[in-house]
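Visitor: Okay, sequence plus prediction incoming.
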Amino acid sequence: MTTPAPPRELLALHGASVSFGAVDALRDANLRVHAGDVVAIVGANGSGKTTLLRLLHGVVAYSGRREVAAAAGVQAMVFQRPFLLRLSVWNNLRLALWLAHRHMPRQERGERAMQALRRVGLATLRDRPARSLSGGEQQRLALARGWAVRPDILFLDEPTANLDPSAKKEVESLLAGFAAEGMTLVMSTHNLGQAKRLATRVVYMDGGRIDTDLPTEAFFNTGAQGRADLFLKGRLTWAIDV
Amino acid sequence: MTTFTDILATAFGLVAGADASLVRTVALSFAVSGSACFFAAWLGLAAGAWLAVARFRGRRVVLLALDTLLALPSVVAGLAVYLLLSRSGPLGSWGLLYTPTAMVIVQTMLALPIVAALARQVVADALRDGGDQLRSLGAGPLLCALLMLLHERWAVVTLLLIAFGRAIAEVGAVMIVGGNIAGFTRVMTTTIALETSKGDLPLALALGFILLAVVALLNIVIALVPRSNELHAAQLP
Amino acid sequence: MGDRRVKGAARRAVWGLACAAALLLPALAASAQDRFITMASTTSTEQSGLFPYLLPAFKKATGIDVHVVAVGTGQALDMGRRGDADVLFVHDKAAEEKFVAEGWGLQRRDVMYNDFILVGASGDPAHVRGNDIVAALTRLAASPASFISRGDKSGTNAAELRYWKAAGIDAPASRMAGYKECGCGMGPALNIASSTGAYVLSDRGTWLSFRNRGDLVVLVEGDRKLFNQYGVIVVNPARHPQTKTALAQAFADWVVSPDGQATVAAYRIGGQQLFFPNASP
């Protein structure tokens, strides 16, 4: 019986740190992301989730090592509050495609945009001003924007935090669909249930350090130790000294 | 004592009579100030966008200088350009003194700091909200800034109107470099100044009203452009 | 980059610049055309309305346009020194002769004269009414009345100071309590006099066109000393080679010719002749 080839490593951090002035937002981070992973980054507010995401995506200055495989060249990020330009839904998408692939022919760009809209169920809202959409629709548009460029890794920063329950469900099912298609996802979330439902791996962050990094099953059932365990049980209290 | 109605009556009379020299004067005002705003827009929006994202030593000094130029008195700008374009000055051989071209040059100088300083602020504020997302999408810093100008296009229209207002309302600079030559470099504001100096105050005020009315007309036309229809606002390839 | 979006923006930029060029083209064309001269004259001459009457006649005779920049006499002479004017048409003989003597101008010729008048409130508190300007100013200096001086190096201002000197007052500002300098043109000076009931020396041309008289009336006129002589000077090309000397000379020659002189004499305000031609043949 042949052993399946190990999944390719797309991104790796070795002893990476990020500081903003005097504040250490992230300390000595070691992490590898492989193709097909769905990584959920969890932790309390201020634990460094967003900084870790931005570091992985490569948009923040850091010390230490960050290695990006050639196969991880195209990346996209969805933020908690999607920033959409004052353009139509369709033009927002076409602009994103142009920014990511400057030499794509105009027609292909249009087709990919329509494809993405259909994928997230926004095809009928194509010509509406993007800013007139509801919160859930805007986030779906942001997802369409991310999906359309066919990223090797899609980063998401608390993508459902601002959405009502039905919109949350829509977004989650889209994400599950992306993962099923084989897209690599790295997302931060407050919602432990979401992490359980979607992720293959959970990274718990505490005070700017990566505390625990386990497969989902292990994290939620047996493996969480110490503060991670307390976090799961909702029993982390604010420490007066850190 | 001239009453308000007298002044209005004079104004209406002038407009109804469609006096040829009045029409030419108004047209010249708009041509000069409009051209100045046009050049100031191109140079100023580019400069403002660049200043919002560029990081270099001395950047704060440049911003300070820019903000100071916002208060450049029009007479000072006029004198500076006069000394440049005078036949005994460095650019005298260009023969531009006392022509509408000189007036456009000096008004561009006055409008440019306004456009650049305000554009920089608009872009900087917009980048605070969406800069991360645009960078993530793959836009370089300058392209981010330009996209934000597109995104905040109505703020840009407003700041261009402010610059245009500054240009069309000023009199010191165009008086000095234009010479207020009848039928050639005489604009609304210099005509008003001339009539005031002749003691014909009702006529001066009436001309002032006409100038304001024409600018109001321009603003009405701009306001009528539909804002909610984003499709007309930007045509992407 | 070869991308359509950049191309589209570039296309719009070119179109926009073309529009701007189209707007400016008439101006540029006008300035590029050679058949015009720049004449430095005074605000009082321009405000008398002479130029819209005189210059079209000149254009008809020679096809040359005249661009008049109207400033104070002092400024007009400065323009000549800087080479920004091709010909001067002012009314301060002493300053003009100095200008030519210093080599800035080619030759000074008499063209015409108008006169100055002393105006003041109809009540005439200082009792200056008459036809002797020196006597009037002497009486004025002794009274508490206000006098508005233009104080702007203009021909009118220079004349005013000469009359004070003739009355034995070298520095009226220090000798007369009510003496006020406004640093302004003839119109504004008349405005100030009109609203404060002060006395002011004005040229007849500006006075005839002035519409804000209030209580002001002519109090002193007809004194030979009050005649205001105009001269024409072509700027010396030796100092500024770009001066349009030939065209400027054409103007100087025309305005002293019988044709030009007749046109000057024919100019009227309210039926009254304002300028009296006196060019020597």
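Guide: Happy to help now that I have it. Residues are numbered from 1 along each chain as shown, chains lettered A, B, ... in the order given.
Visitor: In three-state terms, label the closest residue to C:G214 other than its chain neighbours for me.
Guide: The shortest distance from C:G214 to any non-neighbouring residue, by C-beta to C-beta, 6 or more residues apart in numbering or on different chains, is to C:S194 (3.9 Å). The C-beta positions use only the backbone N, C-alpha and C, and glycine is treated the same way. Counting by DSSP: H, G, I helix; E, B strand; the rest coil, the backbone at C:S194 sits in helix.
Visitor: these two touch, right, C:S194 and C:R211?
Guide: No. Assessed by C-beta atoms under 8 Å, C:S194 is found out of contact with C:R211, at 10.1 Å.
Visitor: Count the neighbours of residue 163 for me.
Guide: All of this is about chain A. 20 (other C-beta atoms under 10 Å in any protein chain shown).
Visitor: ah, no, chain C please
Guide: Counted with other C-beta under 10 Å, residues neighbouring C:Y163 total 20.
Visitor: helix or strand for the most centrally placed residue in chain B, which one?
Guide: Centroid-nearest residue in chain B, with C-alpha atoms, centre = their mean: B:F164, separated by 2.9 Å. When secondary structure is defined by DSSP states H and E, B:F164 falls within helix B:153-169.
Visitor: Just the CA coordinates for that helix, please, in CSV.
Guide: Listed next in CSV are the C-alpha coordinates belonging to helix B:153-169 (Å, rounded to 0.1, in the frame of the first residue of the first chain):
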residue,chain,number,x,y,z
ARG,B,153,-14.1,61.1,-5.6
TRP,B,154,-16.8,63.3,-4.1
ALA,B,155,-14.4,64.7,-1.6
VAL,B,156,-12.0,65.3,-4.5
VAL,B,157,-14.7,67.2,-6.3
THR,B,158,-15.3,69.3,-3.3
LEU,B,159,-11.7,70.2,-2.8
LEU,B,160,-11.4,71.1,-6.5
LEU,B,161,-14.3,73.4,-6.1
ILE,B,162,-12.5,75.0,-3.1
ALA,B,163,-9.4,75.5,-5.3
PHE,B,164,-11.5,76.9,-8.1
GLY,B,165,-13.2,79.3,-5.7
ARG,B,166,-9.8,80.6,-4.5
ALA,B,167,-8.7,81.1,-8.1
ILE,B,168,-11.8,82.8,-9.5
ALA,B,169,-12.2,85.1,-6.4
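Visitor: avg pLDDT for it?
Guide: Averaging pLDDT along helix B:153-169 gives 93.
Visitor: Look at C:S194 and C:R211 and report which has more neighbours.
Guide: Neighbour tally, C:S194 and C:R211, criterion other C-beta under 10 Å: the higher count belongs to C:S194, 20 against 13.
Visitor: one step back: what's the spacing between the helix holding B:F164 and its chain's center?
Guide: Its chain's C-alpha centre and that of helix B:153-169 lie 6 Å apart, by C-alpha atoms, centre = their mean, to the nearest Å.
Visitor: now stretch C:150-164
Guide: The mean C-alpha position of stretch C:150-164 is separated from the chain mean by 13 Å, C-alpha atoms, centre = their mean.
Visitor: ok, residues contacting that stretch?
Guide: By C-beta atoms under 8 Å, 6 or more residues apart in numbering or on different chains, the residues outside stretch C:150-164 that reach it are C:42-44, C:72-75, C:90-92, C:94-95, C:116, C:133-134, C:137, C:141, C:149, C:170, C:172, C:181-186, C:189, C:201-203, C:225, C:228.
Visitor: give me that answer again for 7 Å
Guide: With C-beta atoms under 7 Å, 6 or more residues apart in numbering or on different chains as the test, stretch C:150-164 has contacts from C:42, C:44, C:72-74, C:90-92, C:95, C:116, C:133-134, C:137, C:149, C:172, C:181-184, C:186, C:189, C:201, C:203, C:225, C:228.
Visitor: could you flag which of those residues are buried?
Guide: Among the contacts of stretch C:150-164, those that count as buried by neighbour count (16 or more other C-beta atoms under 10 Å in any protein chain shown) are C:42, C:44, C:72-74, C:90-92, C:95, C:116, C:133-134, C:137, C:149, C:172, C:182, C:184, C:186, C:189, C:201, C:203, C:228.
Visitor: quick one: which of those sit in strands?
Guide: Of the positions in the buried ones among the contacts of stretch C:150-164, C:42, C:90, C:116, C:149, C:201, C:203, C:228 sit in strands, assigned by DSSP state E.
Visitor: Nearest residue to C:Y267 in space, please, no chain neighbours.
Guide: Closest to C:Y267 by C-beta to C-beta, 6+ apart is C:Y53, at 4.9 Å.
Visitor: Count the neighbours of the residue in the stretch 151-281 of chain C that chain A sits nearest to for me.
Guide: Relative to chain A, the nearest point of the stretch 151-281 of chain C is C:P188 (51.1 Å; C-beta to the nearest C-beta). Using other C-beta under 10 Å, C:P188 has 19 neighbouring residues.
Visitor: For it, list the residues it contacts.
Guide: Counted by C-beta under 7 Å, 6+ apart, C:P188 has contacts B:197, C:182.
Visitor: What are the boundaries of the helices in chain B?
Guide: Applying DSSP state H to chain B gives helices spanning B:4-17, B:20-53, B:59-69, B:74-85, B:100-137, B:141-151, B:153-169, B:172-178, B:188-198, B:201-224, B:230-233.
Visitor: can you list those helices in TSV and add distance to chain A?
Guide: Putting the helices of chain B into TSV (distance: least, C-beta to the nearest C-beta, whole Å) gives the following:
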stretch	distance to chain A
helix B:4-17	39
helix B:20-53	14
helix B:59-69	18
helix B:74-85	35
helix B:100-137	4
helix B:141-151	5
helix B:153-169	7
helix B:172-178	36
helix B:188-198	36
helix B:201-224	17
helix B:230-233	4
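Visitor: Deepest-packed of these, please.
Guide: Highest mean neighbour count among these (mean count of other C-beta atoms under 10 Å in any protein chain shown): helix B:172-178, with a mean of 26.
Visitor: Can you list the low-confidence ranges for chain A?
Guide: A:1-3, A:235-242 (pLDDT under 70).
Visitor: and the residue in it positioned nearest to chain B, what are its phi and psi?
Guide: For chain A and chain B, the shortest gap (C-beta to the nearest C-beta) falls at A:F83, measuring 3.6 Å. Main-chain torsions, A:F83, degrees, to the nearest 10: phi -100, psi 120.
Visitor: Can you show me the strands along chain C?
Guide: Going by DSSP E, chain C shows strands at C:36-42, C:65-71, C:87-90, C:105-121, C:147-149, C:179-181, C:199-203, C:216-220, C:227-235, C:268-269, C:272-273, C:276-277.
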